[in-house]
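**Student:** Sequence first, then the predicted structure, then my questions.
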Amino acid sequence: MPEIDDFFAPVIRDAGRTVWDEPAEVRRRGTSRRTRRRVAVAGLAALVVVGLGVGAAWAVGRPPTGPDAAVTPEASPSGTPSPTPSTPRPSTTGPTATSTSAPAAPTAIPEAAMLHASDVGAGYTVSDQQEGDDHGSIGMLMSYCGQGDHTSAGEHALTLRKRNLSNGDERYLLEEVVRYEGSWASRHLADLRAALPRCPTVDIMGDPNARASLTVVATNFTGDGAILVKETRGGQTQYHAVVYRGDVAARLRIHTGATQTQARNITRLASERLCAAVPSC
Amino acid sequence: MPDADSFDDFYRTTRVRVCAYVYVLTGDFAEAQDAAQEAYVRAWERWRTVGGYADPEAWIRGVAWRIAANRWRKARNRLTAHRRYGAAPPTPGPNEDSVAVTGALRRLPAPQRVAIVLHHLVGLPVEQVARDTGVPVGTVKARLSRGRTALSVLLGSNVEEPDHA
């Protein structure tokens, strides 16, 4: 009698026979795309600086200087993906950003920035082993709704830390804290807020029999910006929250049986914890 | 290019599982390969970060799945999406057994299909499947059991019930 796993053997064999692009070709495309994005960013920065220069020149009555005087576009040696920076990237908006005396901005997400078990309730335990796909995340729901590319914030993530707080098998909270480049933490929230009205209902995996309803129940109640979304599916309710402070955002999936008020409170606590990762708090 | 070797090795050793994962969930082999391939391109864009994850394959799987899922609602773009990278080398189609398995899976309710694939193809423990899909462990076990029973009928073969789920 075959094991269930045996049924997948022909699928694995098929996938194995697939003609795949060579690794060098995959890398070439990835590098090319990243380079194009950097060129676009540098071009935009140059326009900003030119604009500032024109404005300043108008103000003091002298010709504007060229963009080279103030712009230090980020270089990409040999087109390789840039590493997570350990020091601040040169700003493209003024000479002060090129100073080498500025303290290094933090990139890591400290443990103190994550929710603690006591923040969620009695009986919860913490695990940082969560590496799964989280098919129930708000991002995944947006994908089921055809809005998976509603934001490109993920391309600007610098550091990610996950946490899973659970109480038995049925009550849990999944937290992802992400540090973004520049203002992408704010942009991430804005993009989600713009996409949500297009997804009042979501068919999980395209199945109309597994339909979830999404309702925004609170906004901007904590941090520099926040949103709380109620998901109702098959008579069950869970909450999704996104909150950010500075360049750091937390995404929560609250599957604890929490009421709306409790979900708000948990989001507030998550927001306060973020201050451990944001010196300007 | 210090990361190239690690990426190449990762790409070669994981791409089959990632493609199979998307394939059995979507039932579309070309879509699965396209989504998987695109996911690896995105991974290389940020390999210094993704390569440092404890389980970068989970990241790839998630990205590939999101790409494929997103396209369900964008069917009108599908034909062009398949040709996004120009003329691809000829790819052999899936064999009959593979089509039968995928076809049977497609006839399962989506929650059962996801549970079966995550647990039996990807190898996630039941508790992880429960968290990833947002349902209790008992529900996942019930879905696995019902899904296996349904597959047995659909594929005309008895399936041995594993002890762990």
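**Tutor:** Cool, the structure landed.

**Student:** need the helix or strand of chain B with the lowest average pLDDT.
**Tutor:** In chain B, the helix or strand scored least confidently by mean pLDDT, DSSP states H and E is helix B:78-82, which has a mean of 40.

**Student:** Residue A:180 and residue A:158: what is the separation?
**Tutor:** 6 Å (C-beta to C-beta, to the nearest Å). Quick note: C-beta positions are derived from backbone N, CA and C, even for glycine.

**Student:** Over to residue B:62?
**Tutor:** 18 Å.

**Student:** do residue A:145 as well
**Tutor:** Going from residue A:145 to residue A:158 by C-beta to C-beta gives 27 Å.

**Student:** and the closest residue to residue A:262 other than its chain neighbours, what are its phi and psi?
**Tutor:** Of all residues not flanking residue A:262 in the chain, residue A:256 sits nearest, at 7.8 Å (C-beta to C-beta, 6 or more residues apart in numbering or on different chains). The phi and psi values for residue A:256, taken as degrees, to the nearest 10, are phi -120, psi 0.

**Student:** same question, residue B:156
**Tutor:** The phi and psi values for residue B:156, taken as degrees, to the nearest 10, are phi 60, psi 30.

**Student:** per-residue confidence at it?
**Tutor:** Predicted confidence (pLDDT) for residue B:156: 79.

**Student:** ok, it - how many residues close by?
**Tutor:** Residue B:156 has 8 neighbours, counted by other C-beta atoms under 10 Å in any protein chain shown.

**Student:** I'd assumed residue A:165 was in contact with residue A:126.
**Tutor:** Yes - using C-beta atoms under 8 Å, residue A:126 is in contact with residue A:165, at 5.6 Å.

**Student:** Do a quick rundown of the helices in chain B.
**Tutor:** Ranges of helices within chain B are B:4-26, B:29-45, B:47-50, B:56-72, B:78-82, B:96-106, B:110-116, B:126-133, B:137-155, based on DSSP state H.

**Student:** Provide a list of residues in contact with the residue nearest the centre of chain B.
**Tutor:** Nearest to the geometric centre of chain B sits residue B:21, at 1.8 Å (C-alpha atoms, centre = their mean). By C-beta atoms under 8 Å, 6 or more residues apart in numbering or on different chains, the contact list for residue B:21 reads B:32, B:61, B:64, B:65, B:117, B:121, B:122.

**Student:** hmm, try it at 6 Å
**Tutor:** The contact partners of residue B:21, by C-beta atoms under 6 Å, 6 or more residues apart in numbering or on different chains, come to B:61, B:122.

**Student:** mind checking how far it is from residue B:27?
**Tutor:** According to C-beta to C-beta, residue B:21 and residue B:27 sit 12 Å apart.

**Student:** do the same with residue A:236
**Tutor:** From residue A:236 to residue B:27 the distance is 27 Å (C-beta to C-beta).

**Student:** Those two: which has the busier surroundings?
**Tutor:** Using other C-beta under 10 Å, the more surrounded residue of residue A:236 and residue B:27 is residue B:27, with 17 against 13.

**Student:** what about residue B:11, how many neighbours?
**Tutor:** 22.

**Student:** which non-adjacent residue is nearest it?
**Tutor:** Here the residue nearest residue B:11, using C-beta to C-beta, 6+ apart, is residue A:23, at 5.1 Å.

**Student:** how deep is that neighbour tucked in, by neighbour count?
**Tutor:** Neighbour count of residue A:23, defined by other C-beta under 10 Å: 19.

**Student:** Does it touch residue B:6 like I think?
**Tutor:** No - using C-beta atoms under 6 Å as the test, residue A:23 is too far from residue B:6 to be in contact (10.7 Å).

**Student:** what's near enough to touch the nearest residue to residue B:119 once chain neighbours are set aside?
**Tutor:** With sequence-adjacent residues excluded and distances taken as C-beta to C-beta, 6+ apart, residue B:119 is closest to residue B:129, at 5.3 Å. Residues near residue B:129 by C-beta under 6 Å, 6+ apart: B:115, B:118, B:119, B:140.

**Student:** TSV please, covering those and showing neighbour count and distance to residue B:10.
**Tutor:** Output for the contacts of residue B:129, formatted as TSV (neighbours: other C-beta atoms under 10 Å in any protein chain shown; distance: C-beta to C-beta, whole Å):
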residue	neighbour count	distance to residue B:10
B:115	30	27
B:118	26	21
B:119	24	23
B:140	28	29
